[in-house]
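A.B. asks: Task: produce atomic coordinates for the following.
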Amino acid sequence: MKKIFDLKVAAFAATAILLASQATPVVAAEKTLDSIHFLIPGGAGGGWDGTARGTGEALTKSGIVGKTSFENMSGGGGGKAIGFLIENAKSNEGTLMVNSTPIVIRSLTKRFPQSFRDLTMVAGTIGDYAAFVVKKDSPYKSFKDVVDAFSANPKSIAVAGGSVPGGMDHLVAALAFEAAGQDPVKVKYIPYDAGGKAMASLLSGETAMLSTGLSEAIGLADAGEVRILAVTASERVKAAPDAQTLKEQGIDAEFVNWRGFFAAPGISEEKRQQYIKALGAMYDTPEWETVRARNGWVNIYNPGDKFTAFLEDQEKVIGDLMKKLGFL
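C.D. replies: Below you'll find the predicted structure:
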């Protein structure tokens, strides 16, 4: 199973990197939209929250969008916000909802009845590597230390994550342990609603390690609150130069989580194109580069129908991985 699993993971990561290399940024222009309201399907401090607010910061500071507002709507692993946007589509033409790989995972596992096909596809915008994080005073100095402890007693390693069991944070942890020669089904995963709550569980000592997005880990690591044991990139990330990759530690696994934006179903094509133009223009601005570099994100601009095709392909790849691991 390991070889097949590694090949699928490598193919998924390679697809995201290829899309990044093929991106064609739109030349920044005058103001494209007066306002955007961002709907965030999780709480403060998570990857969705950071992506929406960072995008809004770049769009307004660069002058592409006049003003932005933000609404956190936690619940159902993102399902509450998706349902709200669909049910209230007519009054939310000015809303963009941020989401990421979990919208594919949770529809596959039937955690909620909707899928990305029930929304208007706008654009994939970034990739965020995953990271494995421990408290600053943790006895684990490397991911290999965690693997050794897991090998001796899998129940001794409680892994926190900001997604449901079988969700992305769970899958990434399973990926890493499987690549290290361990049984991924034995991973003791503790789910929290959004990354901020999962991070709090780590800092309080409720869990031994956190599986999260790299951008969520960088701030606390810089403040000395946590240590990043490993990142799932192919090489070290400039925003976290001291954090080793899994590959540096002899574990052959990579992963990149896309994040992007969806609009309510039934919006006009003119409005959708305005959103696509605004997000595309953002890439050429210094304001966006400041946000991107600060968070260690990878640029993946994947607009409109290309976004749909990418997610359909990801749905197949991730579905195959989840079946191999017994999550489906």
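A.B. asks: And residue 165, how far from residue 327?
C.D. replies: Between residue 165 and residue 327 the computed distance is 8 Å (CB to CB, to the nearest Å). Any C-beta I mention is one placed from the backbone N, CA and C, and that applies to glycine too.
A.B. asks: So if I had to pick from those two, which one is more boxed in?
C.D. replies: Neighbours per residue, other CB atoms under 10 Å: of residue 165 and residue 327, the larger number sits with residue 327, 20 against 15.
A.B. asks: Quick one: residues contacting that one.
C.D. replies: 109, 166, 170-171, 174 (CB atoms under 8 Å, 6 or more residues apart in numbering).
A.B. asks: just residue 242 next, same as before
C.D. replies: For residue 242, the contact set (CB under 8 Å, 6+ apart) comprises residue 228.
A.B. asks: The residue positioned nearest the centre of the chain pairs with what?
C.D. replies: Central residue of the chain (CA atoms, centre = their mean): residue 257, 4.3 Å from the mean position. Counting by DSSP bridges, residue 257 is bridged to residue 128.
A.B. asks: Let me know whether it touches residue 128 as I believe.
C.D. replies: Yes - taking contacts as CB atoms under 8 Å, residue 257 lies within contact range of residue 128: 5.1 Å.
A.B. asks: how far away is residue 306 from residue 32?
C.D. replies: For residue 306, the distance to residue 32 equals 20 Å [CB to CB].
A.B. asks: what does residue 287 give?
C.D. replies: Residue 287 sits 14 Å away from residue 32 when distances are taken as CB to CB.
A.B. asks: Residue 110 and residue 117: what is the separation?
C.D. replies: Taking CB to CB as the measure, residue 110 and residue 117 are separated by 15 Å.
A.B. asks: just to revisit the earlier point, overlap of the contact sets of residue 257 and residue 128?
C.D. replies: Common contacts of residue 257 and residue 128 (CB under 8 Å, 6+ apart): 47, 100, 213.
A.B. asks: OK, contacts around the nearest residue to the second one once chain neighbours are set aside?
C.D. replies: Excluding the flanking residues, the one nearest residue 100 by CB to CB, 6 or more residues apart in numbering is residue 259, at 4.3 Å. Residue 259 sits next to 47-48, 51, 98-100, 124-128 when contact means CB under 8 Å, 6+ apart.
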